[in-house]
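Q: sharing a sequence plus its predicted fold:
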Amino acid sequence: MPEPTPPGRDLLNVLDYETAAHKVLPPMARDYYASGAHDEVTLRANRAAFERVALRYHVLRGVEVRDTSVELLGRRHPVPLLIAPAAFGRLAHPDGELAVARAAAAAGITQTLSTLSTCSIEAVAEAGGGGPRWFQLYVFRDREVTRDLVQRAEAAGYEALVLTVDAPVLGYRDRDARNRFELPEGLAPESLSGALAKVQAEGAASGLFQYFAALIDPSLTWDDVDWLLSVTRLPVLLKGVVRGDDATLAVEHGAAGVIVSNHGGRQLDGAVASLDALSEVAAAVDGQAAVLVDGGVRRGTDILKALALGADAVLVGRPVLWGLAVAGEAGVRHVLELLSAEFDLAMALCGVQSVEEITRDLVAGRQ
Ligand SMILES: Cc1cc2nc3c(=O)[nH]c(=O)nc-3n(C[C@H](O)[C@H](O)[C@H](O)COP(=O)(O)O)c2cc1C
């Protein structure tokens, strides 16, 4: 891999990081990070949905003093921004999820660690020190493996569980199939062991697709949400909800939150853009649980648009991987700083002093 560039004058925004990351990443990793399912219609729709929303900003509101922080699950977050779970961080940089943990902790921003991280639950907790972190859960066919992951996350101080519900089977990512995606020698899902720690391509598909088919439980139902809640004392959020009726069920079953998400366009191609699904979900949840959204957040104004349409906070997936690929911890730190600063700027230009003032009437056509 070429030497990473330090964050510099050419890296003014998250999209600059995308361009720079694509120059340094080996093709298989670049395609794995960038790809959506099949024709990537939903991948593109996630971005287009943000670009369609127009802001009706206030003027003359006195915005010299602004507070970007937000309360979420009993903790104050400096900005309504969290890091989405992403598998295989060490494909981007040798320090992988450890670098993300350090950058997140420095910013006080919550990192959500993937079940399929290339640094272990415990190592990431240690690297992140006192920083806030959540753990994302895939449910294995072997329920004892799942229970063990939950217990380790609890013991290591993770503050919430994110159960991914949009991946009973893995979406088919044509680019990964073409590349016969697999982890290079020396990289593995470090929180797992034995057969569960091997992601290797055999035959004509992606190794990750085969891994899911063999090991992840496609039979999950709402009963399994009840099971998970019965084996943990942590709040549980369901990630991948795009409908009001499913959100209502999530609340009824005791979820602390829902994450409106289509997995960054990587699961069901043709799925509704996450921003377009947000209002329906927020209305159904009606303040009884937290509502977060991810998919296509690339600018501070995107965060503000999501909040105006009913989210309590957003998550970013690929932007963090781009920062990691370009400059490790410093790159992730810079990406988080850019998004935080842009969000603060967006608040000022919309005439709001606090996150509570970000209301639906700021979005054209939706007041
Ligand atoms: C490379 C990559 C790996 C991902 N791995 C996981 C994962 O392990 N678990 C999960 O729930 N979501 C995973 N996601 C989805 C993200 O959590 C998130 O929903 C998505 O990336 C948000 O869209 P964005 O990348 O446009 O910000 C992954 C996404 C990417 C791009």
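A: All right, it came through fine. Numbers count the residues shown, from 1 in each chain.

Q: just give the number of residues close to the closest residue to the ligand within the stretch 201-350 of the chain.
A: Per CB to the nearest ligand atom, residue 317 is where the stretch 201-350 of the chain lies closest to the ligand, at 2.1 Å. (C-beta placed from N, C-alpha, C; glycine too.) Residues lying near residue 317 (other CB atoms under 10 Å) number 22.

Q: same question for residue 59.
A: 8.

Q: buried set for stretch 26-41?
A: Buried residues in stretch 26-41, counted by 16 or more other CB atoms under 10 Å: 28, 29, 30, 31, 32, 33, 34, 35, 36, 37, 38, 40.

Q: out of these, the closest to the ligand would be?
A: Nearest to the ligand out of the buried residues of stretch 26-41 is residue 33 (CB to the nearest ligand atom; 4.4 Å).

Q: is the closest one in a helix, a strand, or coil?
A: When classified by DSSP: H, G, I helix; E, B strand; the rest coil, residue 33 comes out as helix.

Q: what mean pLDDT does stretch 288-298 get?
A: Stretch 288-298 carries an average pLDDT of 98.

Q: correction: the previous question concerned stretch 204-219.
A: So the average pLDDT for stretch 204-219 ends up being 91.

Q: from residue 82, how far off is the residue nearest to residue 347 when sequence neighbours are not counted?
A: Nearest non-adjacent residue to residue 347, counting by CB to CB, 6 or more residues apart in numbering: residue 66, 5.4 Å away. For residue 66, the distance to residue 82 equals 20 Å [CB to CB, to the nearest Å].

Q: who has more neighbours out of these two?
A: More crowded of residue 66 and residue 82, by other CB under 10 Å: residue 82, with 24 against 16.

Q: in what helix or strand does the more buried one lie?
A: Using DSSP states H and E, residue 82 maps to strand 81-83.

Q: same check, this time on residue 100
A: Here residue 100 is covered by helix 96-107, with elements defined by DSSP H and E.

Q: which helices and strands sit right next to that helix?
A: strand 111-113, helix 121-128, helix 318-350 (3 or more CB pairs under 8 Å, 6 or more residues apart in numbering; DSSP states H and E).

Q: a markdown table for those, including mean neighbour count?
A: As requested, the helices and strands packed on helix 96-107 are arranged in a markdown table below (neighbours: other CB atoms under 10 Å):
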| stretch | mean neighbour count |
| --- | --- |
| strand 111-113 | 27 |
| helix 121-128 | 21 |
| helix 318-350 | 23 |
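
Q: what's the closest of the ones you listed to residue 212?
A: Nearest to residue 212 among those is strand 111-113; the distance by CB to CB comes to 18.4 Å.

Q: coming back round to it: how far does the strand holding residue 82 sit from the chain's center?
A: The chain centre lies 7 Å from the centre of strand 81-83; the measure is CA atoms, centre = their mean, to the nearest Å.

Q: and that strand, what's its mean pLDDT?
A: 99.

Q: pull the residues that contact it.
A: Strand 81-83 is touched from outside by 100, 104, 109-112, 134, 292, 303, 313-316, 320, 336, 339-340, 343, with contacts defined as CB atoms under 8 Å, 6 or more residues apart in numbering.

Q: so is it next to the ligand?
A: No - Strand 81-83 lies apart from the ligand when judged by CB under 6 Å from any ligand atom; the minimum separation is 8.8 Å.

Q: thanks a lot, catch you later.
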